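[1] I would like to see how this sequence folds:
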Amino acid sequence: MPSIKVAAVQTATIPFDGPAATQRTVALIAEAAATGAKIAVFPEAFIGGYPKGLDFGCSVGRRTAEGRADFVRYVRGAITVPGPEVDQLAAACAEHDIHVVVGVIERDGGTLHCTVLYLGPEGLLGKHRKVMPTGSERLVWGFGDGSTLTVVDTPYGKLGGAICWEHYMPLLRAAYYGKGVEIWAAPTADDRETWISTMRHVAMEGRCFVISACQVMRRSDFPEDYASRIDAAPDAWMMHGRSVIVGPLGEVLAGPLLDEEGILTADVDLDDIIGAKLDFDPIGHYARPDLFSLNVDEAPQLPVIARGEG
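    Next comes the predicted model:
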């Protein structure tokens, strides 16, 4: 297969405003496509926002009216899947002939999910809900189940991946390796230097290309009344980026990009994955299924199941 160009989009979003953030994403899809990229990955929670520093007025045994108001604003900025914002993203992918992975805050009834959407010229291809929100994220995001451990077929290979600290779940990684991921999307909010080593590890362990995208956000990008527990001047960075693209032997192909907006690109050749599996295949000749195995429940976990009369 000939090589293709892939992209990691690192930029600021518009928090708490789903329609406005969608329009920004549509414009950035056009910018990514203009580089020649056929696959572009956007950060975690890009549409809806990552509420860094908010505590939503909660401590053990206590909630506040102000915190509930923060949650109302967060819910109103989320989107439904499917929904009009998803349709706009799909139309942009069709217009520019590109596949896109974008992090969104998904509203499902009274619950929010940290979700990534897989979109292509033909529309919405699938979604993945974060199965394990980290730390205080559990306060405002629900848990995904095995039904959205999504890998999609594209003309450029199998596209899948995980969100932020899901990358520290070894069994989740193994489940995705078993699905044959070739291009691994890693939307994240982790902007620390240590994240780069994680991305290099996943690429080398999974023998796949990894595209990691993180936001950059200044305090001034958030509303003035944003009740962040992180004390920051208006021009101070609250999210630093460090987006990166890595090859299947752990080599950094582009980035990391720090404290600036930009679109990273790299040319990737899936034949490099084949060559990388000469000496290591995590779900093949290196797997030892006689010793180790993993069972994955991919059934939807529904709290209410209505059964009709027989």
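
[2] Helices along the stretch 1-150 of the chain, start to end?
    18-34, 65-76, 84-96, 137-140 (DSSP state H, counting those that start in this stretch).

[3] Now mean pLDDT and mean neighbour count too, for those helices, in CSV please.
    To be clear about C-beta, it is placed using only N, CA and C from the backbone, and glycine gets the same treatment. Shown next, in CSV, are these (pLDDT from 0 to 100; neighbours: other CB atoms under 10 Å):
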stretch, mean pLDDT, mean neighbour count
helix 18-34, 97, 19
helix 65-76, 93, 15
helix 84-96, 97, 18
helix 137-140, 93, 16
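
[4] Poorly predicted segments of the stretch 101-250 of the chain, please.
    The stretch 101-250 of the chain contains no residues with pLDDT under 70.

[5] And the strands in it, which stretches?
    For the stretch 101-250 of the chain, the strands defined by DSSP state E, counting those that start in this stretch occupy 111-120, 123-129, 151-154, 157-161, 183-188, 209-214, 216-218, 237-246.

[6] so which of these gets nearest G308?
    In terms of CB to CB, the element of the strands of the stretch 101-250 of the chain nearest to G308 is strand 111-120, at 25.9 Å.

[7] list the contacts for the nearest residue to A37 once chain neighbours are set aside?
    Nearest residue to A37, sequence neighbours excluded (CB to CB, 6 or more residues apart in numbering): A7, at 3.8 Å. By CB atoms under 8 Å, 6 or more residues apart in numbering, the residues touching A7 are 32, 35, 37, 39-41, 211, 263-265.

[8] can we see that at 10 Å?
    With contact taken as CB atoms under 10 Å, 6 or more residues apart in numbering, A7 is in contact with 28-29, 31-33, 35-42, 98, 100, 211, 213, 243, 245, 254, 263-266.

[9] Same question for K277.
    207, 248, 284-286.

[10] What pLDDT is listed against it?
    The model reports K277 with a pLDDT of 95.

[11] Can you tell me how far it is from R307?
    46 Å (CB to CB, to the nearest Å).

[12] before we move on, back to that, would you mind giving the contacts of K277 as TSV with distance to W184 and neighbour count added?
    Shown next, in TSV, are these (distance: CB to CB, whole Å; neighbours: other CB atoms under 10 Å):
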residue	distance to W184	neighbour count
R207	10	27
P248	10	25
G284	17	11
H285	20	11
Y286	18	12
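
[13] from these, which is closest to G77?
    Ranked by distance to G77 (CB to CB), the contacts of K277 are led by P248 at 37.0 Å.

[14] so F46 touches G77, yeah?
    No - using CB atoms under 10 Å, F46 is not in contact with G77; the gap is 11.8 Å.

[15] quick one, which of those two is more surrounded?
    Neighbour count, other CB atoms under 10 Å: between F46 and G77, F46 has more, with 28 against 22.

[16] who's in contact with the more buried one?
    By CB under 10 Å, 6+ apart, F46 lies in contact with 9, 11-14, 21-22, 24-25, 28, 102-105, 116, 187, 189, 213-215.

[17] go on, V75?
    Contacts for V75 (CB under 10 Å, 6+ apart) come out as 16, 48, 105, 107, 110-112, 140.

[18] what's the closest of those to D290?
    For the contacts of V75, the nearest to D290 is T111 (41.4 Å; CB to CB).

[19] Apart from its chain neighbours, what residue comes closest to that closest one?
    Nearest to T111 is G142, by CB to CB, 6+ apart, at 4.2 Å.

[20] Over to K179: give its phi and psi.
    phi -90, psi 0 (degrees, to the nearest 10).

[21] so how far is V131 from the residue nearest to it when sequence neighbours are not counted?
    Using CB to CB, 6+ apart and skipping the chain neighbours, the partner closest in space to K179 is V151 (4.2 Å). Taking CB to CB as the measure, V151 falls 15 Å from V131.

[22] With G61 instead?
    Taking CB to CB, one finds G61 at 27 Å from V131.

[23] The residue nearest in space to the middle of the chain: what's it in contact with?
    Residue closest to the average C-alpha location in the chain (CA atoms, centre = their mean): P187, at 2.9 Å. P187 sits next to 8-9, 41-46, 101-104, 114-116, 128, 130, 161-164, 211-215, 243 when contact means CB under 10 Å, 6+ apart.

[24] ok now do the residue nearest to R129 when sequence neighbours are not counted, which residues does it touch?
    For R129, ignoring the flanking residues on the chain, the nearest one in space by CB to CB, 6+ apart is G144 at 2.9 Å. Listed by CB under 10 Å, 6+ apart, the contact set of G144 reads 106, 113-115, 127-133, 163, 166, 301.

[25] run the last query once more with 7 Å
    Each residue near G144 by CB atoms under 7 Å, 6 or more residues apart in numbering is listed here: 113, 128-131.

[26] Please apply the same query to D145.
    300-301.
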